[in-house]
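Novice: need a 3D model of the sequence below.
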Amino acid sequence: MNVVVGQSGGPTSVINASLAGVFVGAKQAGAKKIYGMQNGIQGFLQEKFIRLDEVLTEEKVELLKRTPACYLGSCRYKLKPAEKDGSDYQKIFAILAKYQIDCFLYIGGNDSMDTVAKLSAYGKKIGSPVRFVGVPKTIDNDLMITDHTPGYGSAAKFVATAMKELVCDSTIYDLYSVTIVEIMGRNAGWLTAASALAKDEDCEGVDMICLPETPFTLDEFIGRVAALLKEKKSLVIAVSEGVKLPDGRYVCELASEASEDVFGHKNLTGTASFLASVCAKELKTKTRAIELSTLQRCAAHIASLTDVNEAFEVGRYALNAAVSGQSCVAGVLIRDNDSPYICRAGVAPVDEIANFEKTVPLGWIDRENWSLREQFLVYARPLIMGELAHTYENGLPKHISK
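Specialist: Next comes the predicted model:
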């Protein structure tokens, strides 16, 4: 049995833990050769492979769990529908045959699951025995079926920690100020919602949370900020990069026209800067815009131990599913209980995951108070629990090197 595995899309701080899970699972299953495709399906088409079974030792697997970004490299390559252009598919299946690949594992988010679905369908059409299985990852937590996605818990832990520290910092001066923090999330506000976790006995939490799930108007926003400034001098506000106007436009588009990536997604940035400038102009107060940007997805130093362990396990489970003959499926996490938290790995049809989007339930959003309700806190808090011990070298966390 030969296995190939790749990583695609935006990384997370635990995507390499899923790679470790696939690798360990493949070794335990007796795989003869374990290939890693460099730069995802794009590198696969160029036959850019690493023999993982030759380079990954037990020590390196442990470092892999603690290393952010994508060890194998990533890509944003969209396969066209086979009926429109079958050239990529013909080449992919020729390469699969050349390397005698039995199991194809792809670690990624929504677009990566689309790739798995397309390859599975084409393979079935031509009678290929290769099994195609997806391994979920995304800090956006927007994949269907799975209770949550590997990568979300660690990113949520980073966001909540950053917001808690910003709340402390915002109160050091005796003056009126508004700090607006932009958090990743195009159409789903899961990550921005995590800022609600900052509220605790030692922190009053953020003052407003703005999500893409509910319509956003500048008048309402400015009115709410003005009202809060009458109650307290310092405000910290969390906003999703994808907050939308009632007509469907992203708020950041009021500042400049957004370009698009290869998947047709608009490139969103500048939401916090725009809103901070509006607040400064309308309310005549000191403002600051902070964009957490890629720090949200690569902060492995504060990764959730729960997230690392689940990422590893769902990778291993997905590999075992492929070995057992399953195809056109993706790994998922199934929650059995909230308290104590109990969660296990499983699989679901990839067709029910690809090209769908899971958003924060409207019932969990307190629109009147611009915050999240208890249901969200019960859901999210177990996912940020625990810390992974790191090996330090010269005062810094040690990562795997190729």
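
Novice: residues of stretch 159-166 that come out buried?
Specialist: 159-164, 166 (16 or more other Cβ atoms under 10 Å). Backbone N, C-alpha and C define where each C-beta goes, glycine included.

Novice: contacts for it, please.
Specialist: Stretch 159-166 has contacts (Cβ atoms under 8 Å, 6 or more residues apart in numbering) with 179, 181, 183, 191-192, 194-198, 200, 203, 205-206, 236, 238, 290, 292, 295-296, 302, 384.

Novice: just to be sure, which of those residues are found in strands?
Specialist: 179, 181, 183, 236, 238, 290 (DSSP state E).

Novice: tell me which of those is nearest to Y152?
Specialist: I183 (12.5 Å; Cβ to Cβ).

Novice: from M163, how far out is the closest one?
Specialist: Distance, I183 to M163, by Cβ to Cβ, to the nearest Å: 9 Å.

Novice: so for those two, which residues contact both of them?
Specialist: Shared contacts of I183 and M163 (Cβ under 8 Å, 6+ apart): 195, 238.

Novice: what stretches of this protein score poorly on pLDDT?
Specialist: Applying pLDDT under 70 to the chain picks out residues 256-267.

Novice: so it: which segments form each domain?
Specialist: Domain ranges of the chain: 2-150+302-354+388-397, 152-298, per automatic domain parsing.

Novice: out of those, deepest packed?
Specialist: domain 2-150+302-354+388-397 (a mean of 21; mean count of other Cβ atoms under 10 Å).

Novice: ok now that one, how far from the chain's centre?
Specialist: Relative to its chain's centre, domain 2-150+302-354+388-397 lies at 14 Å (Cα atoms, centre = their mean, to the nearest Å).

Novice: may I have the distance across that domain, first residue to last?
Specialist: Chord length of domain 2-150+302-354+388-397, first to last residue, is 33 Å (Cα to Cα, to the nearest Å).

Novice: still on that earlier bit, so which of the domains of the chain is nearest V360?
Specialist: domain 152-298 (5.1 Å).

Novice: what's the first-to-last distance across the closest one?
Specialist: 11 Å.

Novice: likewise stretch 298-310?
Specialist: Terminal residues of stretch 298-310 are spaced 17 Å apart (Cα to Cα).

Novice: which residues sit against it?
Specialist: Residues from elsewhere that reach stretch 298-310 (Cβ under 8 Å, 6+ apart): 11, 13-14, 17, 65-69, 150-158, 161, 333, 341, 343, 345, 382-388, 390, 397, 399.

Novice: could you list which of these belong to strands?
Specialist: Filtering those for strands - DSSP E - leaves 333, 343, 345, 397.

Novice: identify the residue nearest the third one in space, chain neighbours excluded?
Specialist: Sequence neighbours aside, Y317 is the residue nearest to A345 in space, at 3.7 Å (criterion: Cβ to Cβ, 6 or more residues apart in numbering).
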